[in-house]
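Enquirer: Let me see the structure of the following:
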Amino acid sequence: MTVAPADHRRIEDYALIGDCETAALVSRDGSIDWLCWPRFDSAACFASLLGGRDNGRWLIAPVDAAARSSRRYRGNTLILETTFETDAGAVLIQDFMPIRGRNSDVVRMVIGLRGRVEMRTEIILRFSYGSIVPWVTACDGGIRAIAGPDMVALRSTVELRGAGLTTIGDFVVAEGDRVGFVLTWGPSHEAVPAAVDPEAALRSTEQFWLEWAQRCQYNGEWVDAVMRSLLTLKALTYAPTGGIVAAPTTSLPEHIGGARNWDYRFCWLRDATFTLLALMDAGYYDEASAWRDWLVRAAAGSPSQAQIMYGLSGERHLLEWEVPWLSGFADSRPVRIGNAAHAQFQLDVYGEVLDALHQARTGGIADTEVSWTLQQALARHVESVWSTPDFGIWEVRSEPRHFTYSKVMAWVAIDRAIKGVEKFGLDGPVERWRALRQRIHEEVCANAFDATQGCFTQAYGSPDLDASLLLMPIVGFLPPTDERVRRTVECIERRLVVDGLVLRYDTHRTDDGLPPGEGAFLACSFWLADAYVMLGRHEEARALFERLLALQNDVGLLPEEVDPVAKRFLGNFPQAFSHVALVATALNLQRQAHETAPHPAEQRAHNGAPPA
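Expert: Here you go, the predicted structure:
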C-alpha cells in the first residue's frame, strides 16, 4: 500500500463528502486528507492536504501497492464509491457522511467484490490543523481520542493497534464481506457518542440525497453536470442557518508555490444573486429562501458596517492568521486561517445584495417588512458612498481605486431599489433614486471607457482589462447590442483569454498588492459563455461551455481556477461559484436553444438601462 507524496498529489484527485454542516475531501488513493469538525470553519482534524502525512489523515486501501483505483458517486448522492482492483481480487469502498443528528460521523464501508484482498487502515488523528496530538484510549468497539474540547471515536469490527502515533488495522476482505468503520466527533466533556449502524446510515443517507435530487426541475441536455453541481451546492450549505460556503477548504493555492492562498470557508454576499437564481431556476425554492433569509440576517444592522463576507451563522470577525507548522499544498505558503478581506470596503456588494433580494422578489419569495427596510437603508448608504474608491470584486490588497465593476454595481443597487417601487409598489424616494442612477451611469461611461482601446477598463484611468466587465450587460447596465459592450468582450478575448479560458485580470500588469501569477478563473469563463449568448454568438457559447464541462474531474467537481498550461486545478475546492456559474450557463443555453423565456441573466439585463 502506497500513498502519493503530498507534493505529487493534485487538487483534482479529491472528491467531496459532506453532511450539510461540514465536509471532507477523499483522495483517489483512499485517503481522507481534509476534514474540519464540527463545522466547515472549525479547526481541521485531518490536515495533511496542507502538509505532511503526520498532520492528520485516514487511509483505507489494499496492501498491494500496485492496486488500481476508479471511482464514482453512487447515483445522485454524495456517497463516494472507490473500486480497487488487485491481482488477488477487488473491493469497493463507500465513503459518506450521514445527515447528522446530534453528532457528525464519517462512515467508510469496505465491500468485497471478488477474490480476497489484504487491506489496511491507517489513521493519524491530529487536532487544530495538525498541531495537537490527542490522547488515545480504547473504548467500546474501538478507540477514543481526546484533546482540549474535541473528542473523536473510531469504531469497527477490525482490531486496531497503535504504532507510534498512528492507529493501524490489518484485515482481509473476501467476496461478499462488508466491513464498516465509523468515525464520530463529539465534545470532549460529554460521554462517547452512541454508535452509528453503518448499514442503516448508508440507507438513510442515500434516501436523503435521492429525494433531494428528485426535486430538480432541470432535465436538459447537461442534466448530469447540472445535477452534480446542485448536489455540490447543497453539500456546501450550512443547514442550521442556510448560509453557503464558497468552498470547504482553506489555502489551496491559486498559483503552485505562490502566496495567493486564502480561506474560503465563509459566505460571500457577492455570490448571492447567482446562487439564488441557480437554486430558484432549478426548483429549489426552500434552499433559495433559506439563503435569502441568511443574507438578510447577515447584512442586518448599520449599512456602514455591512461586510463582503460573514461566518456560517453571520459572524463578522474573521481574523486572518497564518499556520507556520503547515507547509501548504505543494509547498504553497502561507496557510491562512480566517480572511482579512472581510474588513475591506467593497462597493459592489451593495448591488449584489439588492439584486439578490430583487430577484428573490421577482421569483415569488416575498419580502418581509424587515428585508425591504434593510434594502432602503442600503440604498441610502450607497447614495453617500458610491463615489468612494474601494478594493473591488477581486479584493486587492493594494490601494483602493475607482473600480468600474464596483461603480456598475452601485448603479445596480439603486436600479433594483427603483424596481422595488415601480414593479412591486414598495415605498421609497424613487425620483431621487432615478436621478442618482442616471448620474452614476453617466460617470461610468465617461470615466471607465477607454476611447483609445474602444472598451471599458478595470478602473477609472486604467488601461487594464477585467473579466468582471463581462457582467455589464448581464446586470443590465448596458444592453448587449451596445457597441461598447461588444468591443469590451472582444478586448477581453484578445488579452485575458489563455488557451480558451478567462483570467480575472493580468496579475503581471495590475498592482494588486501580491506577487503575480494565477490560473484562469472558471466563473469568468462561464460569464464569457453567457456574454456570447447575449451577443448572439450561440455556437461559440456552446463550444466554450462544452470545453468548461470537460474540465470537471472524474466525479464532476470544479475548482476556483485552472492552470490553462499545466492543466491542473488551482484554488479552493470544490468551488461553489464555479458550480453556480455552470448551472446558470446550462440554463441559459437551454433557453436559447428552445427559444423559450429568457434566462434570468437576460431578465436582469432587461431592467431598463438608461441610454448612455
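
Enquirer: Please count neighbours and contacts with C-alpha atoms only from this point.
Expert: Fine.

Enquirer: could you show me where the helices are in this protein, in order?
Expert: Using DSSP state H, the helices found in the chain span residues 198-213, 223-235, 272-281, 285-299, 348-362, 369-385, 404-424, 430-447, 483-496, 522-534, 538-549, 576-594, 600-605.

Enquirer: care to break the chain down by domain?
Expert: Structural domains assigned to the chain are 6-188, 217-605, following automatic domain parsing.

Enquirer: The helices of the chain: which one's closest to residue 453?
Expert: Taking C-alpha to C-alpha as the measure, the helices of the chain were each checked against residue 453, and helix 483-496 came out nearest at 8.1 Å.

Enquirer: hang on, the earlier thing: TSV for the helices of the chain, including mean pLDDT, distance to residue 40 and mean neighbour count?
Expert: Written out in TSV, the entries for those read as follows (pLDDT from 0 to 100; distance: least, C-alpha to C-alpha, whole Å; neighbours: other C-alpha atoms under 10 Å):
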stretch	mean pLDDT	distance to residue 40	mean neighbour count
helix 198-213	97	19	16
helix 223-235	97	11	22
helix 272-281	88	19	23
helix 285-299	89	16	20
helix 348-362	92	23	24
helix 369-385	91	27	18
helix 404-424	97	29	24
helix 430-447	98	39	16
helix 483-496	97	33	18
helix 522-534	97	22	25
helix 538-549	97	27	17
helix 576-594	92	14	22
helix 600-605	50	30	20
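
Enquirer: any chance of these in JSON lines, with distance to residue 153 too?
Expert: Formatted as JSON lines, the entries for the helices of the chain read as follows, by distance: least, C-alpha to C-alpha, whole Å:
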{"stretch": "helix 198-213", "distance to residue 153": "14"}
{"stretch": "helix 223-235", "distance to residue 153": "24"}
{"stretch": "helix 272-281", "distance to residue 153": "36"}
{"stretch": "helix 285-299", "distance to residue 153": "32"}
{"stretch": "helix 348-362", "distance to residue 153": "42"}
{"stretch": "helix 369-385", "distance to residue 153": "44"}
{"stretch": "helix 404-424", "distance to residue 153": "49"}
{"stretch": "helix 430-447", "distance to residue 153": "58"}
{"stretch": "helix 483-496", "distance to residue 153": "50"}
{"stretch": "helix 522-534", "distance to residue 153": "39"}
{"stretch": "helix 538-549", "distance to residue 153": "40"}
{"stretch": "helix 576-594", "distance to residue 153": "31"}
{"stretch": "helix 600-605", "distance to residue 153": "47"}
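
Enquirer: Which among those is found nearest to residue 63?
Expert: If you check each of the helices of the chain against residue 63 by C-alpha to C-alpha, helix 198-213 wins as the nearest, at 23.5 Å.

Enquirer: where does residue 108 sit relative to residue 26, distance-wise?
Expert: The gap separating residue 108 from residue 26 is 11 Å, by C-alpha to C-alpha, to the nearest Å.

Enquirer: ok, now residue 88?
Expert: Counting by C-alpha to C-alpha - residue 88 and residue 26 are separated by 24 Å.

Enquirer: Of these two, which one has the most company?
Expert: Neighbour count, other C-alpha atoms under 10 Å: between residue 88 and residue 26, residue 26 has more, with 25 against 13.

Enquirer: beta partners for that one?
Expert: Partner residues in beta bridges with residue 26: residue 15, residue 32, with DSSP bridges as the criterion.

Enquirer: what's it in contact with, if anything?
Expert: 14-17, 32-34 (C-alpha atoms under 8 Å, 6 or more residues apart in numbering).

Enquirer: any chance of the residues you listed in JSON lines, plus neighbour count and distance to residue 95?
Expert: Conversion of these to JSON lines gives the following (neighbours: other C-alpha atoms under 10 Å; distance: C-alpha to C-alpha, whole Å):
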{"residue": "14", "neighbour count": "26", "distance to residue 95": "12"}
{"residue": "15", "neighbour count": "24", "distance to residue 95": "10"}
{"residue": "16", "neighbour count": "25", "distance to residue 95": "10"}
{"residue": "17", "neighbour count": "26", "distance to residue 95": "7"}
{"residue": "32", "neighbour count": "26", "distance to residue 95": "9"}
{"residue": "33", "neighbour count": "26", "distance to residue 95": "13"}
{"residue": "34", "neighbour count": "26", "distance to residue 95": "14"}
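
Enquirer: Mind telling me the two of these farthest from one another?
Expert: Distances among the contacts of residue 26 were taken as C-alpha to C-alpha; the most separated pair is 17 and 33, at 11.9 Å.
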